[in-house]
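K.L.:
coords please:
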Amino acid sequence: MPRLPKQDPEFLRAALIGLQQSLSQVDARIADLQSRLSGRASTNTAAPASGRGTRGRTMSPAARRRIALAQKKRWAKYKAEHSAAAKPKAQKRKLSAAGRARIVAATKKRWEAYRRAQQPSAKARARKAVRKAVAKKAPATPPPQTAATAGGAASE
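P.N.:
Sure thing, here's the model as predicted:
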């Protein structure tokens with residue numbers, strides 16, 4: 001990519017001044033057209049030099065305070081009409097002593113039935129005892145094999 005030759009700073013300043021002048025003329029024309037559209041005559045033909053434009057009207061602190069108080073009053077009214085406190089709450093129900101006693105008795109009955117179901121039956125306990133006794137009587141190690149029993153197994 002070719003490099004551009006260095007440009008003279010005087011030339012660049014002159015170009016900048018010309019473009020700013022053109023910009024101010026364009027801004028003046030825009031302001032004139034906007035004033036014609038709104039039906040008012042243009043009071044100033046040139047826009048301000050800074051790019052911000054005109055600021056809105058200023059408001060006195062007393063006026064701001066009045067507006068703030070009025071807004072707070074409107075919100076207070078709205079919140080009073082729409083708050084949960086404005087609606088009556090349903091009264092909390094209370095459990096009588098007799099009702100509580102019935103619930104406790106029913107719960108105990110259910111737990112007793114559950115525990116009974118978890119316990120093994122009498123037949124299952126007897127079978128388990130028999131298996132335990134047989135396991136005690138059975139020899140712990142198998143009998144040693146002799147040559148006669150080992151050879152007999154090989155001939156089959």
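
K.L.:
how does the protein divide into domains?
P.N.:
Annotated domains of the chain cover 10-47, 97-136 [automatic domain parsing].

K.L.:
most packed of those domains?
P.N.:
Most buried of the domains of the chain by mean neighbour count (mean count of other CB atoms under 10 Å) is domain 10-47; its value is a mean of 11. Where you see a C-beta, it was placed from the backbone N, CA and C, and this is true even at glycine.

K.L.:
could you tell me the least trusted of the domains of the chain?
P.N.:
Ranked on mean pLDDT, the bottom entry among the domains of the chain is domain 10-47, at a mean of 83.

K.L.:
quick one: it to chain centroid distance?
P.N.:
Offset of domain 10-47 from its chain centre (CA atoms, centre = their mean, to the nearest Å): 51 Å.

K.L.:
which stretches in this structure count as helices?
P.N.:
Residue ranges of the helices in the chain, as given by DSSP state H, are 9-38, 61-82, 97-118, 122-137, 147-155.

K.L.:
alpha carbons only: can I get the fourth one in PDB?
P.N.:
The reference is to helix 122-137. Listed in PDB are the C-alpha atoms of helix 122-137, where the atom choice follows Å, rounded to 0.1, in the frame of the first residue of the first chain:
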ATOM      1  CA  ALA A 122     -43.300 -65.800  62.400                       C
ATOM      2  CA  LYS A 123     -42.800 -68.300  59.500                       C
ATOM      3  CA  ALA A 124     -40.000 -66.200  58.000                       C
ATOM      4  CA  ARG A 125     -38.400 -66.000  61.400                       C
ATOM      5  CA  ALA A 126     -38.600 -69.800  61.800                       C
ATOM      6  CA  ARG A 127     -37.100 -70.400  58.300                       C
ATOM      7  CA  LYS A 128     -34.300 -68.100  59.100                       C
ATOM      8  CA  ALA A 129     -33.500 -69.900  62.400                       C
ATOM      9  CA  VAL A 130     -33.500 -73.300  60.600                       C
ATOM     10  CA  ARG A 131     -31.100 -72.000  58.000                       C
ATOM     11  CA  LYS A 132     -28.800 -70.600  60.700                       C
ATOM     12  CA  ALA A 133     -28.800 -74.000  62.600                       C
ATOM     13  CA  VAL A 134     -28.100 -76.000  59.400                       C
ATOM     14  CA  ALA A 135     -25.200 -73.600  58.600                       C
ATOM     15  CA  LYS A 136     -23.700 -74.300  62.000                       C
ATOM     16  CA  LYS A 137     -23.900 -78.100  61.600                       C
END
